[in-house]
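Visitor: structure of the sequence below:
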Amino acid sequence: MIATEWADYATKSFVSAWTPRPKFTVSEWADAERLLPETSAARGARWRTSSTPYLRAIMDSIVDPEARKIALMKAAQTGGTEAAMNMIGFLIAHEPTAMLYVLPTFDDAKKFSKLKLADMIRTTPALRAAVHDRRMSKGDMRSESTVLMKQFAGGSLTLGGAGTPNTFAMMSVRIAFGDDLDRWEALDEGDPADLLMNRVRTFHDGRAVFISTPTFKGAPIDSLYSRSDQRRYFLTCPNCKLADWTTWSDKEHFHVRYSDNDPQSARLVCGHCKAEHPEMVRRQMVAGGEWRQTRKSDEPGLIGYHLPAMISTLGVVTLPDLVAGWISAQGRREALRAFINTSLAEAWDDPDDSLSMEPKGGFMSARELYDTIPHAASLVTGAMDVQDDRFELLFVAWGPREECWVLEHIVLRNDDEDESRRFDPHDKNDWARLYEQLFGNPGLRFEHESGVMIPVSTLAVDSGFLTPAAYQFTRMNRSVLYATKGMERLDDGHLIKFSTDKEAAQRKGVTLVLVNTSDSKQRIADRISDGMIHFPKTDFCNEEFFAQLTGEEAKPIFNPKGVRVGQKWVKVRPRNEILDLLVLNIAARQIRGTWNLEDYRKKVGIE
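Guide: Residues are numbered from 1 along each chain as shown. Predicted structure coming up:
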């Protein structure tokens, strides 16, 4: 019986391999076969390419014999990942082959497999019948699928993370996908995009698809698109019948206009006849649009698509919503960069990403006169750095949108002339005495403008030095004190992560918070530029304080081809404690990220 089943399976595979390929496209297959999961916004409805017409040519390019390398530089909420899913589904069902899908990390790959790929397979009958699941009948000799490898007759789909060269080693595939490309880490073995392309070179019809929201000029997706034929989605003006592509503010092309800072006045303006088209007309124009090349590609087979949110027809993306986001981002460098990257699908052009960017006139002249917590703030966090001869603490008050005010910098040395301020980090009794002064009765409190005294909600303690003592200290109050460990970056891109490593048992219940120091420093640089971090006009905010704050700079990292693939923070002076303490305050704020500030204000008695 088993032999007969295997013979039937082998016969079907052999016949499938010699069956003529279907005469239809990926988009046609998706319209005919794809059902969206019940958990999606569509709630189990059939996929309709007509709802996102700009995805049709992108999806169909996977079977274009002339396309060897496909770059999609896209805005958020435009359906790019769903287009890749439809490509995968079509290939599994009608052109089974070896495929590789790579995301920034293995955790990302697992989430993609469990939350997206598994849903597509489960809700699409053609795929559910093709993919071998993990519960095949006893004696079935076919390979079982796993989370990171899906098996089907005639091929397989392997998922991996870009953070390790093993993903790109010892594997040849005909189709490779690189998703969220600009979040990939640089590898010593070379540019990950090149490593991915190497996996398909042994096939005469091999191709790679690269998908990403851009980050900065020269980063991988921007570099690929810049060298491609730069396809743009052309709309036709109902008034003058001119076809052109859409921009945000370039008056030579279709562009967005609004009046009196009112998002509801948003409309699309023709660069030729100046006719103005509201949101409903824009959507009709998108329905009749088409992709056109705007230059000759630098290399054969490299095609590129630029997909900004202005041509998205997904329900939540409208011109008024985009204009509201644009207005909100004004004057806030970090928010503006996010808008340009995630809405306009354009790379951020910023040659200097370092903390050397100072407020106009310098830090000293930008200091503000306040000796109480300003009315807008309420939540107070603290950070503690442990050195061989001292404790250093920095306290910050937080308001809406993570605006913050520096309150106090305290240095407690082991040789201080004032005995009450003399603390030795090597003396366990001084750790206990420090806790009593900070959190005893009455403990450290800061006066609010309303007259209320505000306690420290969270203290992030650097546990890199005198680690056992730091852990013991945080055990004194686990709801307020958190041990931290700095990491250059975290795989998931978050600013903090609660550790679940194998050493947890040795810490005996201590909650260790891993801190993404690189991205936190960039957050500080952006917030300083935006004017969202305030410094008081006090003695401790002196030249040395700001010299330590700017004690590191972000140096760009380039791959062997000279393409910028990231940045690394490096010291430019020996001492940088203030920068480290501000990073830990950001970590402390992230720990309390779910707290509602309005509720907290009421809790501490602020009227």
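
Visitor: show me the domain layout of this structure.
Guide: 19-231+292-342, 363-604 (automatic domain parsing).

Visitor: got JSON lines for the ones you listed, with mean pLDDT, distance to Thr247 and mean neighbour count too?
Guide: (Each C-beta comes from the backbone N, C-alpha and C, glycine too.) What follows is the domains of the chain, written out as JSON lines (pLDDT from 0 to 100; distance: least, Cβ to Cβ, whole Å; neighbours: other Cβ atoms under 10 Å):
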{"stretch": "domain 19-231+292-342", "mean pLDDT": "86", "distance to Thr247": "8", "mean neighbour count": "18"}
{"stretch": "domain 363-604", "mean pLDDT": "90", "distance to Thr247": "24", "mean neighbour count": "17"}
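
Visitor: so which of those domains gets nearest Gln284?
Guide: Closest of those to Gln284 is domain 19-231+292-342, at 9.8 Å (criterion: Cβ to Cβ).

Visitor: roughly how far out does stretch 162-177 sit from the chain middle?
Guide: Distance of stretch 162-177 from its chain centroid, counting by Cα atoms, centre = their mean, to the nearest Å, is 22 Å.

Visitor: can you tell me the SS state at the spatially most central residue of the chain?
Guide: The centre of the chain sits closest to Gly493, judged by Cα atoms, centre = their mean, with a distance of 5.9 Å. Classification of Gly493 using DSSP: H, G, I helix; E, B strand; the rest coil returns coil.

Visitor: likewise Ile340?
Guide: Classification of Ile340 by three-state DSSP places it in helix.

Visitor: who's in contact with the closest residue to it other than its chain neighbours?
Guide: Excluding the flanking residues, the one nearest Ile340 by Cβ to Cβ, 6 or more residues apart in numbering is Glu346, at 5.2 Å. By Cβ atoms under 8 Å, 6 or more residues apart in numbering, the contact list for Glu346 reads Pro214, Pro308, Ile340.

Visitor: pull up the gap between Glu346 and Arg257, please.
Guide: Distance of Glu346 to Arg257, computed by Cβ to Cβ, to the nearest Å: 18 Å.

Visitor: right, so of the domains of the chain, which gets closest to Leu268?
Guide: domain 19-231+292-342 (6.7 Å).

Visitor: let me have the domains of the chain in CSV, adding distance to Asp244 as columns.
Guide: Below are those laid out as CSV (distance: least, Cβ to Cβ, whole Å):
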stretch, distance to Asp244
domain 19-231+292-342, 10
domain 363-604, 30
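
Visitor: hmm, Phe203 is touching Arg174, no?
Guide: Yes - contact status for Phe203 versus Arg174: in contact at 4.5 Å, counting by Cβ atoms under 8 Å.

Visitor: now do the helices in the stretch 351-500 of the chain.
Guide: With DSSP state H, counting those that start in this stretch as the criterion, the stretch 351-500 of the chain has helices at 363-366, 428-439, 467-474.

Visitor: in JSON lines, list those along with distance to Asp389.
Guide: Converted to JSON lines, the helices of the stretch 351-500 of the chain look like this (distance: least, Cβ to Cβ, whole Å):
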{"stretch": "helix 363-366", "distance to Asp389": "27"}
{"stretch": "helix 428-439", "distance to Asp389": "12"}
{"stretch": "helix 467-474", "distance to Asp389": "14"}
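
Visitor: now do the helices in the stretch 101-250 of the chain.
Guide: So, for the stretch 101-250 of the chain - with DSSP H, counting those that start in this stretch - the helices run 106-112, 118-123, 125-130, 192-198, 220-227.

Visitor: ok, which of the ones you listed comes nearest Phe152?
Guide: With distances scored as Cβ to Cβ, the stretch of the helices of the stretch 101-250 of the chain nearest to Phe152 is helix 125-130 (4.6 Å).

Visitor: now for that closest one, which elements pack on it?
Guide: The contact analysis (3 or more Cβ pairs under 8 Å, 6 or more residues apart in numbering; DSSP states H and E) places helix 125-130 against helix 26-33, helix 80-94, helix 118-123.

Visitor: what sits up against that helix?
Guide: Contacts of helix 125-130 (Cβ under 8 Å, 6+ apart): Glu33, Leu35, Gly89, Ile92, Ala93, Pro96, Met120, Ile121, Arg122, Phe152, Ala153.

Visitor: coming back round to it: ok, the residue nearest to the centre of the chain to Ile591 distance?
Guide: 17 Å.

Visitor: then Gly440?
Guide: When Gly440 is compared with Ile591 (using Cβ to Cβ), they lie 22 Å apart.

Visitor: same thing with Met85?
Guide: 35 Å.

Visitor: Ser61 contacts Ile70, correct?
Guide: Yes - at 5.4 Å, Ser61 and Ile70 qualify as touching, with contact defined as Cβ under 8 Å.

Visitor: just to revisit the earlier point, distance to Glu577 added to the helices of the stretch 101-250 of the chain, as a markdown table?
Guide: Formatted as a markdown table, these follow (distance: least, Cβ to Cβ, whole Å):
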| stretch | distance to Glu577 |
| --- | --- |
| helix 106-112 | 32 |
| helix 118-123 | 48 |
| helix 125-130 | 56 |
| helix 192-198 | 35 |
| helix 220-227 | 35 |
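
Visitor: among these, which comes closest to Glu607?
Guide: Closest approach to Glu607 among these is made by helix 106-112 (44.1 Å; Cβ to Cβ).

Visitor: so what does that closest one touch, helix or strand wise?
Guide: Packing partners of helix 106-112 (3+ Cβ pairs under 8 Å, 6+ apart): strand 98-103, strand 155-161.

Visitor: 7 Å instead?
Guide: strand 155-161 (3 or more Cβ pairs under 7 Å, 6 or more residues apart in numbering; DSSP states H and E).

Visitor: quick check: angle from the strand it packs on to helix 80-94?
Guide: Between strand 155-161 and helix 80-94, the angle comes out at 150 degrees (axes from the mean of the first three to the mean of the last three Cα atoms, to 10 degrees).

Visitor: tell me the angle of strand 155-161 relative to strand 98-103?
Guide: Using the same axes, to 10 degrees: strand 155-161 against strand 98-103 is 20 degrees.

Visitor: strand partners (parallel or antiparallel) of strand 155-161?
Guide: In the sheet, strand 155-161 lines up against strand 98-103 (parallel), strand 149-152 (antiparallel) (DSSP bridges).

Visitor: ok, and what's touching that strand?
Guide: The contact list for strand 155-161 (Cβ atoms under 7 Å, 6 or more residues apart in numbering) reads 88, 96-106, 108-109, 112-113, 148-150, 167, 171.
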